[in-house]
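Visitor: Fold the stuff below for me.
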Amino acid sequence: MDTQSTSTGLDEPLLEVRGLHVNFGRQEVLRDINSSIPRGQTVVVIGESGCGKTVLLKTLIRLIKPTSGDVLFDGRSLAKLNDRELTAQRIRCGFVFQAAALFDSMTVGQNVAFPLRQHTQYQDAEVQELVMARLSEVGLPASVVGKKPAELSGGMRKRVGLARALIMDPELILYDEPTTGLDPIMSDVINELMMRTRRHRPVTSVIVSHSMRTARKVADRVLMIHPISLLEPGQEQIIFDGPPSELDRCDDRRVVQFVRGEAGERMTEMRA
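Guide: Residues are numbered from 1 along each chain as shown. All right, here's what the predicted structure looks like:
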């Protein structure tokens, strides 16, 4: 019988990925992915563009349905949940999209309040109080509440997206390229906010990123996924799984090239 886990131990997995395969038509994107993420852990998923990082992230809350395999969230198989139960599980998760994915026609305050309006019966005063608290938490002044997303800088939009992700006090936060398109200083602001979020909340985080600075600074654990098209028969798609301190000691040339930002044999492939 599939029952929700009642364990609250930090060593218990919040997420389990079992034999996950994702195909889009004939294109195989993820192949036999297996992983377990304990509660409270911050995992950064790295890898080349097109290797399936964002697909994996969306599959974790079934925004993408796997071709085969399963994801367990707090001990429950997402594949066995009906729509109502799946919605209830997703409410426990915050998602920070790559481009913030704010509603252009809404103000900042309305964007941040949106999940509360959809899923709670809070009164206006309660909603306003929570919105202001979350904006303050991500370092935004009260003056942004009435602004539209187009009036904000890229870094501010990212922080609004984080405030919205935090508004329901999630147990799990999924970040899709949270520092992409930002200058180095604002990228580090986002890194610091992710670390602060973890320090202040009992949250589990999965972060998709190309940034080695983010991986080294934020992660407890790094997973590196390799494109299936570049794998030899029988090779696993996860080619690194460990603490960021082990990245520089890894002897897998694929990991070394990515970490160092070296083209390697890619130039040979381009000439072929």
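Visitor: So Gly154 sits against Gly181, correct?
Guide: Yes. Counting by CB atoms under 8 Å, Gly181 is a contact partner of Gly154 at 5.6 Å. Where you see a C-beta, it was placed from the backbone N, CA and C, and this is true even at glycine.
Visitor: Buried residues, the longest helix along the chain. List them.
Guide: Criterion DSSP state H: the longest helix present in the chain is helix 184-200. Buried residues in helix 184-200, counted by 16 or more other CB atoms under 10 Å: 186-187, 189-191, 193-194, 197-198.
Visitor: next one: stretch 48-55
Guide: 48, 51-55.
Visitor: Counting by contacts, list what the longest helix of the chain packs against.
Guide: If you count contacts as 3 or more CB pairs under 8 Å, 6 or more residues apart in numbering; DSSP states H and E, helix 184-200 packs onto helix 154-166, strand 204-208, helix 212-218.
Visitor: what angle sits between it and helix 154-166?
Guide: 20 degrees (axes from the mean of the first three to the mean of the last three CA atoms, to 10 degrees).
Visitor: any residues touching helix 184-200, and which ones?
Guide: Identification of contacts with helix 184-200 by CB atoms under 8 Å, 6 or more residues apart in numbering yields 40, 42, 137-139, 154-155, 158-159, 162, 166, 173, 175, 178-179, 182, 203, 205, 207, 211, 213-214, 217-218.
Visitor: Centre of the chain to that helix, how far?
Guide: Centre-to-centre, helix 184-200 and its host chain are 14 Å apart (CA atoms, centre = their mean, to the nearest Å).
Visitor: could I get that helix in PDB with only the CA atoms?
Guide: Written as PDB, here are the backbone C-alpha positions of helix 184-200 (Å, rounded to 0.1, in the frame of the first residue of the first chain):
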ATOM      1  CA  PRO A 184      28.900  38.300 -11.500                       C
ATOM      2  CA  ILE A 185      27.900  40.500  -8.500                       C
ATOM      3  CA  MET A 186      24.200  39.900  -8.900                       C
ATOM      4  CA  SER A 187      24.900  36.200  -9.500                       C
ATOM      5  CA  ASP A 188      26.600  36.100  -6.100                       C
ATOM      6  CA  VAL A 189      23.700  37.900  -4.600                       C
ATOM      7  CA  ILE A 190      21.400  35.100  -5.800                       C
ATOM      8  CA  ASN A 191      23.900  32.500  -4.500                       C
ATOM      9  CA  GLU A 192      23.900  34.100  -1.100                       C
ATOM     10  CA  LEU A 193      20.100  34.200  -1.100                       C
ATOM     11  CA  MET A 194      19.900  30.500  -1.800                       C
ATOM     12  CA  MET A 195      22.300  29.800   1.000                       C
ATOM     13  CA  ARG A 196      20.400  32.100   3.400                       C
ATOM     14  CA  THR A 197      17.100  30.400   2.500                       C
ATOM     15  CA  ARG A 198      18.600  27.100   3.500                       C
ATOM     16  CA  ARG A 199      20.000  28.400   6.700                       C
ATOM     17  CA  HIS A 200      16.700  29.900   7.800                       C
END
